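> Got a predicted model here, sequence first, then my questions.
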Amino acid sequence: MAITASQTNPPQSNLLPDGEPLPSSQLSKEDHLEILRQLYLARYFDVRLIKEKKRGRLRGTLYSSHNQEAVLVGSLFGLKGTDWISPIHRDMPAFFMKDLRAGWDNNDRIGLTIEQVCCQVWGKQDSPGRARDNWSHIGSKSKRIIHSTSMLAGTIPVAAGVVYADRLNGGDAVVLTYNGEGSTAQGIFHEAINFAAVHKLPVITIVENNHWAYGTPTNLEYSQEDFARRADGYGIPGLIADGQDVFDVYDKVMMAVNHARAGKGPSIIECKTYRAYGHGDHDDDRAANYRPEYDAKATYKDDIEHARRDPIDVCKKKLVSLGFITQADADRHVCEYKSADKTKDEDFPPEVVAYLKRGVEYAVKNPVPPAEEGGMWVFRE
Ligand SMILES: Cc1ncc(C[n+]2csc(CCOP(=O)(O)OP(=O)(O)O)c2C)c(N)n1
Ligand SMILES: [Mg+2]
């Protein structure tokens, strides 16, 4: 039998020391329920924005995170507040979900508030960017969120520098950088990861492999079967996570976090998922044309099918199997496998709807910044 390249050099399957249990096996029933609530929250944020945009209430481009929620929730859940993250355009919920485990209404937690993030989307005065820039172009030094930019992969060297400084100051922070698989073709991706590998910096690079970079499919982006194998070239671990299974993402990220915190350096985690809509909302109609025929013929079409499992459905099934919820609980609010226009508020738990309502109402009432600000902060004031 012919031996394929991936059999001779498969990505690592885990980073667990011998005999150590999976990190997710240590999560409590409350943690499991909280993870499901956070998945609902990330989904609701996205569908609400899609609806607001369609009604003409928002300006800017919406890069939907629909179907990719498990990557965000699973990767953020085990972080300490003092860890850093660097989200990009498709990770909008990450800005308010960082450190959410410390309490949805805890004003001292180290993540942006839902009000700040809604103000950013609505282009209002209390947004971190004071309505001067694209939705996802925000960050906060005190909240340990590296400012997102549009220069894809450009935040990885910044992230490496941030944790390098933290180490020199005696800290134990790790940084999670988020990148689409298309962004990995940038030269800076290699330069930054190589630097982090050489200096054993605690940089964990999440590759959100949603199988499309704008209109480019993965087989025109890189030539390996599994992107995670590229880690071998840097001499660091590369893990693959089922991006639809929040607990698999959690496990792989926690393995990488523990590895990094122990001073063993960076890793790459490829989360296999699928982009639910177009690149941005301007691309939805075109994507509905350019994708189906191509996907059906792709050699990795099974991967795509797998990545189209709804992460909320996958999570509920796990919780039912563990006896943490009943099937009746699982069926109470059903948003899974529904496109945004097909969902209603009743498809989400009331506390999720109320949380976002608070953010939206704050943003709607918040004034736009004074016009005189327009020319400010371009140069040092
Ligand atoms: C350096 C750079 N090149 C091109 C672009 C334009 N651009 C923005 S998003 C995008 C596609 C990104 O695809 P991927 O990294 O897979 O992320 P996804 O949108 O799928 O989440 C492109 C080409 C950019 N912002 N920066
Ligand atoms: Mg992509």
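Good, I have the coordinates. Ligands and ions are numbered 1, 2, ... in the order given.

> Leaving out sequence neighbours, find the closest residue to the residue of the chain found nearest ligand 2.
Scanning the chain for the residue nearest ligand 2 gives G180, at 3.6 Å (criterion: C-beta to the ion). Bear in mind the C-beta positions are built from the backbone N, C-alpha and C, glycine included. Leaving aside its chain neighbours, G180 sits nearest to E208 (5.4 Å; criterion: C-beta to C-beta, 6 or more residues apart in numbering).

> wait, is that neighbour part of a helix?
No. Residue state for E208 (DSSP: H, G, I helix; E, B strand; the rest coil) corresponds to strand; a helix is not indicated.

> Who does it form a beta bridge with?
Judged by DSSP bridges, the bridge partners of E208 are G180, C271.

> contacting residues for it?
Q68, V71, R90, D91, Y178, N179, G180, E181, G243, C271, T273 (C-beta atoms under 8 Å, 6 or more residues apart in numbering).

> Tell me the confidence at the residue of the chain closest to ligand 2?
In this model, G180 is scored at 98, pLDDT.

> what is the mean pLDDT for stretch 93-102?
98.

> And it, what's buried?
For stretch 93-102, the buried set under the neighbour-count rule, 16 or more other C-beta atoms under 10 Å, comprises P93, A94, F95, F96, M97, K98, D99, L100, R101.

> Out of those, flag the one nearest to A340.
P93 (14.2 Å; C-beta to C-beta).

> re the thing from before, in helices, which of the buried residues of stretch 93-102 fall?
A94, F95, F96, M97 (DSSP state H).

> Pull the contacting residues for I114.
I114 touches F96, Y355, L356, R358, G359, counting by C-beta under 8 Å, 6+ apart.

> Might you enumerate the residues of this structure proximal to ligand 1?
90, 150-152, 180-183, 186, 208, 210, 212-214, 275, 279 (C-beta under 6 Å from any ligand atom).

> Make a ChimeraX selection of whichever of these turn out to be buried.
Buried subset of these, written as a ChimeraX selection, criterion 16+ other C-beta under 10 Å:
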select :90,152,180,181,182,183,186,208,210,212,213,275,279
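
> In helices, which of the residues of the chain next to ligand 1 appear?
Checking the residues of the chain next to ligand 1 against helices, none of them qualifies (DSSP H).

> and the chain, which of its residues are near ligand 2?
Residues of the chain lying near ligand 2 by C-beta under 5 Å from the ion: G180, E181, G182, N210, A213.

> ok so D295 is a helix residue?
Yes. Per three-state DSSP, D295 lies within a helix segment.

> closest to A228 among the contacts of E208?
The closest of those, once distances to A228 are taken by C-beta to C-beta, is C271, at 9.6 Å.

> if I pick that closest one, what's in contact with it?
V71, S75, I206, V207, E208, N209, A241, D242, G243, V249.

> just to revisit the earlier point, can you flag which of the residues of the chain next to ligand 1 belong to strands?
Judged by DSSP state E, the residues of the chain next to ligand 1 include G180, E208, W212, A213 as members of strands.

> circling back: which ones are touching the residue of the chain closest to ligand 2?
With C-beta under 8 Å, 6+ apart, G180 has these contacts: I88, R90, L152, V207, E208, N209, N210, A213.

> Format those as CSV; extra columns: pLDDT.
Below are those laid out as CSV (pLDDT from 0 to 100):
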residue, pLDDT
I88, 96
R90, 97
L152, 96
V207, 98
E208, 98
N209, 98
N210, 98
A213, 98
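
> and the closest residue to W122 other than its chain neighbours, how many neighbours?
Setting aside the residues directly before and after it, W122 is nearest to A363 in space (C-beta to C-beta, 6+ apart), at 4.0 Å. Using other C-beta atoms under 10 Å, A363 has 23 other residues around it.

> A363 and T113 touch, don't they?
No. Checked against C-beta atoms under 8 Å, the pair A363 and T113 is beyond contact range at 11.0 Å.
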